[in-house]
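*Asks:* Sequence and predicted model, in that order:
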Amino acid sequence: MKQNRSLFRRFLKGHFLFIFFPPILLIFISAFFGFSNNGDSINREDLNTLNLFYVTLLLFGFIIVAFVVMSWLFFLRLRKRLTGLQEVMSFSANHNSFPKPISVQSDRMDEIDQLGSSFNWMIQQLEDSRKREYEEELLRHRLIANLSHDLRTPLTILRGHVTRLNKESVSLEGQNSLTEMNHTITRVGDLMDDLLSYTLLTSGKHPFRPTSTDIGRLVRASVAAWYPVFEEKEIQLDVDLPAEETFYWEADPKWMTRVLDNLFQNILRHAAEGKYVNIVVDVEKEQIIVADRGPGMDNSSYERGAGIGLSTCNYMLKKMKLKADFTSNDNGTRVAIGRA
């Protein structure tokens, strides 16, 4: 195995030796080549020694300058390598791709090359992890989609048998059981629809196209579409939708309509017994408020079913930089949608 070479050890050996060499040389010259001063005259031997001393000083100065220049070049090259490494490492986490591997000189392998090699290994591990995660997510989505599709056939058969039995002469207790079976089949079908919808949404099958959306107008249109359904279920609608005032969100109108549809659908499934729905557009606080008088999510026997629909709502709201605050008790559930 090739032994790693230390970058800074090479610098110390190659540069700081020049610091110790000139002083030792000057001491040596002063000790063995000193000159004598006889009166005011300087003989030729002393002059040569003096010239040698000045030459040594010049040599020492040249070595110092060379040392400074070499050090500057060394650290300039070192800074360039570190800057390039920093630029590659400071990639944004929001990017869909990881940075490219860093070029490493395997024949040198100093500290910076070792750091680059470790970074390349980390990038490779992250890419492998993302690939495995993507494959697992794709498999999970395909499994849920196939499962939702395959379960529809037996549910349709069960519903057909229940419908046939309803035409037969059965006791009152049997009729109640058939009614409950029919409701259960409907709930299971709704749950599969919610699960499939959430799977398609998280897999990017429903494109996200945000635009400046008139929230007051959107809520009024959604309430108008659901009004016959609530009226059929004898659910009282208490709405406060200002006609002349409104506010705007940067949101996808289709996604916002779907969020409201999920909330209204959950009311029909789990809070219809309260016979009341309050829908408010608060222009001052820029909020959409939906409240009911059902048993509450904590006490609802369909809490898990509502959870799938609410998970879908939360996912879409998060993508639109919005949030939903849920308040639930025995007197009902209140949902306030606003900016995150």
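*Replies:* Noted; the coordinates are in hand. Residues are numbered from 1 along each chain as shown.
*Asks:* contacts and neighbour counts: CA atoms only from here.
*Replies:* Noted.
*Asks:* looking only at pLDDT, what's the mean for stretch 214-230?
*Replies:* Stretch 214-230 comes out with an average pLDDT of 94.
*Asks:* what's it in contact with?
*Replies:* 236-237, 241-243, 245-249, 253, 257, 260-261, 264, 268, 281 (CA atoms under 8 Å, 6 or more residues apart in numbering).
*Asks:* Same check on stretch 149-156?
*Replies:* 185, 189.
*Asks:* can you give me the mean pLDDT across that stretch?
*Replies:* 80.
*Asks:* Mind checking which of the contacts of stretch 214-230 land in strands?
*Replies:* The strands, defined by DSSP state E, take in 236, 237, 248, 249, 281 from those.
*Asks:* Tell me who's in contact with the second one.
*Replies:* For residue 237, the set of contacting residues under the criterion of CA under 8 Å, 6+ apart consists of 227, 230, 276, 277, 278, 279.
*Asks:* And it, how far from residue 276?
*Replies:* 6 Å (CA to CA, to the nearest Å).
*Asks:* And the strands in the stretch 101-250 of the chain?
*Replies:* In the stretch 101-250 of the chain, the strands defined using DSSP state E, counting those that start in this stretch lie at 211-214, 236-240, 248-251.
*Asks:* Mind listing what's buried along the last one?
*Replies:* Same thing as strand 248-251. 249, 251 (16 or more other CA atoms under 10 Å).
*Asks:* for it, packing partners?
*Replies:* Strand 248-251 sits against strand 211-214, with contacts defined as 3 or more CA pairs under 8 Å, 6 or more residues apart in numbering; DSSP states H and E.
*Asks:* starting at the chain centroid, how far to the strand it packs on?
*Replies:* 25 Å (CA atoms, centre = their mean, to the nearest Å).
*Asks:* So which residues of the chain form helices?
*Replies:* Counting by DSSP state H, the chain has helices at residues 7-15, 17-32, 44-89, 111-166, 172-202, 215-232, 253-270, 303-319.
*Asks:* hang on, the earlier thing: can you tell me which of the contacts of residue 237 lies closest to residue 170?
*Replies:* Of all the contacts of residue 237, residue 230 has the smallest distance to residue 170: 31.8 Å, by CA to CA.
*Asks:* how many other residues sit next to the closest one?
*Replies:* Other residues near residue 230 come to 20 when the count uses other CA atoms under 10 Å.
*Asks:* what does residue 209 give?
*Replies:* With other CA under 10 Å as criterion, residue 209 counts 12.
*Asks:* who touches it in this structure?
*Replies:* Contacts of residue 209 by CA under 8 Å, 6+ apart are 251, 252.
*Asks:* Quickly note the distance from it to residue 260.
*Replies:* Distance from residue 209 to residue 260, by CA to CA: 17 Å.
*Asks:* Same check on residue 163?
*Replies:* 32 Å.
*Asks:* So for the two, which sits in the more crowded spot?
*Replies:* Set side by side, residue 163 and residue 260 show more neighbours around residue 260, with 19 against 14, by other CA under 10 Å.
*Asks:* Now the more buried one. Nearest residue, chain neighbours left out?
*Replies:* Distance criterion CA to CA, 6 or more residues apart in numbering; nearest residue to residue 260, sequence neighbours excluded, is residue 222 at 7.3 Å.
*Asks:* how much space is there between that neighbour and residue 266?
*Replies:* Residue 222 is 15 Å from residue 266, by CA to CA.
*Asks:* Low-confidence stretches in the stretch 151-300 of the chain?
*Replies:* For the stretch 151-300 of the chain, the stretches flagged by pLDDT under 70 are 298-300.
*Asks:* my guess is residue 276 meets residue 236, correct?
*Replies:* Yes. Counting by CA atoms under 8 Å, residue 276 touches residue 236, with 4.6 Å between them.
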